[in-house]
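Student: below: sequence and its predicted model.
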Amino acid sequence: MPNAFRRLAASTVAAQASEQVALAAAPLVAVLALGAGAAETGWLQAAQTLPFLLLALPAGVLADRLPRPRLMIGAEALRAATLLATLALAWGGGLGLAGLAALGFLGAAGTVAQGVAAPALLPALVPREGLASANRWLELGRSGAFAAGPALGGALVGGTGAGPAYGLAVGLSLLSAGLLLGLREPARAPAPRRHPLRELREGVGFVLAHPLLRPMLLTAVLFNTAWFILQAGYVVHAVTRLGLTAGGVGLTLGLSGAGMVAGALAAPRLARRLPLGGLIALGPCVAAAASLMMLATAALPSAALAGAALFLFGAGPIVWTINTTTLRQAVTPGAMLGRVSATVMTATFGARPLGAALGALLAARHGVEACLLASAIGFLAQAAVILSSGASRLRALPRPA
């Protein structure tokens with residue numbers, strides 16, 4: 001891989017680790033230092049995820065107008081500044097829930113810009129035939145950050161307080177920005193200046209009209225909705241039906257992260273045995289099978305079966321992410337990559353609160369078993385969508401539009 005890609009990959013891993021450490025620290029600080037309850041931590045989580053809905057599309061326009069390395073450096077600088085402000089307020093005794101939520105919102109805005117710009121920059125740094133391998137390395141690093149970041153952030157806050165956790169997050173964010181300094185993006189043809197809404201419509205319209213991207217988007221929306229329906233009821237199900245302790249619940253949830261790492265490591269071997277369409281269909285089909293395994297635990301309570309299902313929920317979809325990201329990069333004109341990535345991010349992240357709300361309603365009215373059943377139906381639907389599309393029949397990467 002080119003040196004420019006290695007710098008981008010290291011920067012992305014550092015940024016993801018910073019985000020995960022901070023996301024783990026924020027609710028712990030809210031509960032332990034500020035006396036927050038479940039409702040307050042719920043609002044805090046909402047503030048930290050809202051930028052993905054509100055700002056992804058505008059960030060996509062910026063990623064197609066501005067030099068992408070510069071945008072990513074600015075995003076990490078913004079995140080580092082918000083983390084430093086949080087740290088300073090905590091040390092000075094002036095940090096409250098409102099300030100923690102506002103700073104979390106601003107920091108997540110940096111995450112959104114970085115998350116949109118990175119996949120748009122990648123095809124300019126890596127040859128077309130190396131895109132799948134490059135995305136695999138990025139996802140492997142992201143999986144490691146997702147697995148280690150929360151545990152490290154929680155351990156630091158619990159053992160030494162908020163200061164070291166936020167200090168580590170600041171350092172990782174600055175490292176991410178520093179790795180991008182001097183990174184040169186190949187020159188792009190200057191885009192004509194048009195109204196931002198027209199540019200947004202162009203990016204969204206490209207995804208909705210494309211015969212490969214449209215079913216991939218619908219599959220991702222159904223997956224995220226079903227996953228968060230399951231998340232809404234799983235902890236209660238694990239404690240009341242499976243007999244797990246808090247540590248056991250955490251262990252089974254951690255198996256999803258382990259599955260992500262395993263799936264990313266297995267991706268090259270799978271790529272040698274399956275065509276591109278098979279790799280794209282594999283993730284949704286594995287998720288559908290995992291959902292049926294989880295549903296079976298309602299009748300046959302088994303912590304081992306639930307853990308195996310969660311492992312598959314991580315392993316299969318990471319193969320999907322690697323290959324669908326590669327396909328999206330291959331078929332999208334370079335001048336639209338930022339807006340197309342932003343459209344996908346907005347739709348998939350927008351499905352998450354919808355799934356959580358549906359899961360909460362189902363659990364309240366019909367019990368957690370209804371969450372398991374509804375999520376299984378959603379996972380079967382997303383597998384059916386992608387299997388019936390042309391994407392599942394691809395032999396290799398098509399040419400750009």
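Tutor: The structure has been received and is ready for your questions. Residues are numbered from 1 along each chain as shown.

Student: what ranges do the helices span in the stretch 51-200 of the chain?
Tutor: Shown for the stretch 51-200 of the chain, the helices assigned by DSSP state H, counting those that start in this stretch span residues 56-65, 68-92, 97-125, 131-160, 162-180, 196-209.

Student: could you say what helices and strands the longest one packs with?
Tutor: The reference is to helix 131-160. helix 3-32, helix 97-125, helix 162-180, helix 246-273, helix 303-331 (3 or more C-beta pairs under 8 Å, 6 or more residues apart in numbering; DSSP states H and E). To be clear about C-beta, it is placed using only N, CA and C from the backbone, and glycine gets the same treatment.

Student: one more: the fifth one?
Tutor: Secondary structure elements in contact with helix 162-180, counted by 3+ C-beta pairs under 8 Å, 6+ apart, are helix 3-32, helix 68-92, helix 131-160.

Student: go again with 10 Å.
Tutor: With contacts taken as 3 or more C-beta pairs under 10 Å, 6 or more residues apart in numbering; DSSP states H and E, helix 162-180 sits against helix 3-32, helix 68-92, helix 97-125, helix 131-160.

Student: picking up where we left off before, between the helices and strands packed on helix 131-160, which one is closest to Asn135.
Tutor: Asn135 sits nearest to helix 303-331 of all those, at 4.7 Å, using C-beta to C-beta.

Student: which is the next helix or strand following that closest one?
Tutor: helix 337-366 (DSSP states H and E).

Student: circling back to that earlier point, least reliable of the helices and strands packed on helix 131-160 by average pLDDT, please.
Tutor: Across the helices and strands packed on helix 131-160, helix 246-273 has the smallest mean pLDDT, namely a mean of 81.

Student: so that helix versus helix 131-160, what angle?
Tutor: Here helix 246-273 runs at an angle of 170 degrees relative to helix 131-160 (axes from the mean of the first three to the mean of the last three C-alpha atoms, to 10 degrees).

Student: show me how far whichever helix or strand comes after helix 246-273 is from its chain's centre.
Tutor: Moving toward the C-terminus from helix 246-273, the next helix or strand (DSSP H and E) is helix 276-296. How far helix 276-296 lies from its chain's middle: 18 Å, per C-alpha atoms, centre = their mean, to the nearest Å.

Student: re the thing from before, any chance of the helices and strands packed on helix 131-160 in a markdown table, plus mean neighbour count and distance to Leu131?
Tutor: Formatted as a markdown table, the helices and strands packed on helix 131-160 follow (neighbours: other C-beta atoms under 10 Å; distance: least, C-beta to C-beta, whole Å):
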| stretch | mean neighbour count | distance to Leu131 |
| --- | --- | --- |
| helix 3-32 | 22 | 10 |
| helix 97-125 | 23 | 6 |
| helix 162-180 | 22 | 20 |
| helix 246-273 | 17 | 12 |
| helix 303-331 | 23 | 5 |
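
Student: now these in CSV, please, with extra columns for distance to Thr219.
Tutor: Shown next, in CSV, are the helices and strands packed on helix 131-160 (distance: least, C-beta to C-beta, whole Å):
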stretch, distance to Thr219
helix 3-32, 24
helix 97-125, 18
helix 162-180, 30
helix 246-273, 17
helix 303-331, 8
